[in-house]
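[1] Give the three-dimensional model of this entry:
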Amino acid sequence: MKHSLKLAAAGALLAFSGSALSGYEIKLSDDDKLIFGGYIKMDARYVDGDVSYKDFWIGSGSPREDNASQFRVFANETRFNTKYVHGDLTGFIEMDFYGGGGTQVISNSANPRIRHAFINYKNVLAGQTWSTFMNTSAIPETADFAGATVGLVFIRQGQLRYTNGGLQLSIENPESEGGAPDYDNIPDVIAKYTLTGDWGNLSLAAMGRELNIDKDDSETAFGGSVAGKINTFGKDDFRFQVHFGEVGRYVGVALAKDLVNGKVEDTTAYLAAYRHWWNETLRSTFMYGRAETDLGDADNSQWSVNLFNNLTKELAVGFEVGQFKMHNADADSYYGQFSMRYAL
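    Just a heads-up that it's a prediction; the model follows:
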């Protein structure tokens, strides 16, 4: 009964507590609280060129024989999350609506999908979240979902992670993409160290994996990453990522497979983005990313420039223009995107 009264009182206060950035916080006791967050986002997107339309660019694309123009309005990036806190123990769940199943003919009823679901106790994290190989602070602010994924480490997966200051060690879900994942029995191993200060942060990461070609044959793969966010002038910042080696599926969202014809793919990828604040609420990000593979012969890039403004603390609007290019296929598409986001 006492617990029910606490929940009832918390529900009455829900609309009046918390901030747009931290979410809505409900204090259940001195050691227990719930935090609700997320945002609602609308995107209006126009794409023109001979790379087929996507709601957001990923590292790979589909060249067309002709040019095509397409316009869409959608809200699939909308997401909700809940954090459960009990002293040193935290649970976090988040979903969005890029799960597929939608139709543009009638109701556009897209399915929800799990993004994050993990438990954090003191220095240990267990569950699904961003790979330890990532530096999430180095992801630029863009209207296009996740920015230039062609040059990003961008992967969420199951893992067990230990953190001690700037050092993070993890074992993560293996997947021999392009090989024989049925025989994956050794987790991916990742180590990352992050230097942090008033100047920003810089992370150095290394990864080792076993990739299975078939039941009896496997290859060892190694890769590295340098990424960071550097504060420059005023509120401005410079974000960058450089990835090299046998990083496969970790970089570029479907840009490269781990194995191609029984051999380990080698990838080089980078991204650079500068965000400038014109005043306290108006800012722009100038961004370029590119990635190349040796065996799959991919060489793709993306650039963009945008302008965002916060109309209120919770409501941001922005417009972005850019280009996705497949250099080896001699194909490219330009895009323009208007976004409106209400942070909960």
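[2] Quickly note the distance from residue 70 to residue 55.
    Applying C-beta to C-beta, to the nearest Å, the value for residue 70 to residue 55 is 10 Å. C-beta here means a position set from N, CA and C on the backbone, and glycine is covered the same way.
[3] Looking at these two, which one has more neighbours?
    Neighbours per residue, other C-beta atoms under 10 Å: of residue 70 and residue 55, the larger number sits with residue 55, 16 against 13.
[4] Quick check: residue 212 touching residue 184?
    Yes: with contact defined as C-beta atoms under 8 Å, residue 212 counts as touching residue 184 (5.9 Å).
[5] what do these two both touch?
    residue 176 (C-beta atoms under 8 Å, 6 or more residues apart in numbering).
[6] Show me which of these two is the more surrounded one.
    The neighbour comparison of residue 212 against residue 184 (other C-beta under 10 Å) goes to residue 212, with 22 against 18.
[7] Please, which helix or strand holds the more buried one?
    Assigned by DSSP states H and E, residue 212 belongs to strand 200-214.
[8] For that strand, what does the pLDDT average out to?
    For strand 200-214, mean pLDDT rounds to 98.
[9] And that strand, how far out from the chain middle?
    17 Å (C-alpha atoms, centre = their mean, to the nearest Å).
[10] now swap in stretch 88-100 and tell me
    13 Å.
[11] Return the set of buried residues in that stretch.
    90, 92-98 (16 or more other C-beta atoms under 10 Å).
[12] Kindly report the same for stretch 274-287.
    274-275, 283-285, 287.
[13] again with stretch 165-172
    Those would be 168, 170-172, for stretch 165-172 by 16+ other C-beta under 10 Å.
[14] From those residues, pick the one nearest residue 242.
    residue 168 (18.7 Å; C-beta to C-beta).
[15] bridging residues for the closest one?
    Residues in a beta bridge with residue 168, per DSSP bridges, are residue 163, residue 192.
[16] From residue 189, how far out is it?
    In terms of C-beta to C-beta, residue 168 sits 12 Å off from residue 189.
[17] before we move on, what about residue 289?
    Counting by C-beta to C-beta, the gap from residue 289 to residue 189 is 27 Å.
[18] who has more neighbours, those two?
    Comparing residue 289 with residue 189 by other C-beta under 10 Å, the one with more neighbours is residue 289, at 27 against 16.
[19] Quick one: the strands in the stretch 1-150 of the chain, in order.
    24-27, 32-51, 63-74, 79-86, 89-96, 113-121, 124-130 (DSSP state E, counting those that start in this stretch).
[20] Excluding chain neighbours, what is closest to residue 292?
    Spatial nearest neighbour of residue 292, excluding adjacent residues (C-beta to C-beta, 6 or more residues apart in numbering): residue 299 at 4.7 Å.
[21] Touching, that neighbour and residue 326? I think so.
    Yes: the pair residue 299 / residue 326 is scored as a contact, 7.4 Å apart, by C-beta under 8 Å.
[22] Those two: which has the busier surroundings?
    Neighbours were counted for residue 299 and for residue 326 using other C-beta under 10 Å; residue 326 has more, 20 against 17.
[23] show me what contacts the more buried one?
    51, 61, 63, 298-300, 332.
[24] Which parts of the stretch 151-300 of the chain are strands?
    156-164, 167-172, 188-197, 200-214, 217-231, 237-245, 259-260, 263-264, 267-277, 282-293, 299-310.
[25] Just tell me which of these ends up closest to residue 112.
    Once the strands of the stretch 151-300 of the chain are compared by C-beta to C-beta, strand 156-164 is nearest, at 14.9 Å.
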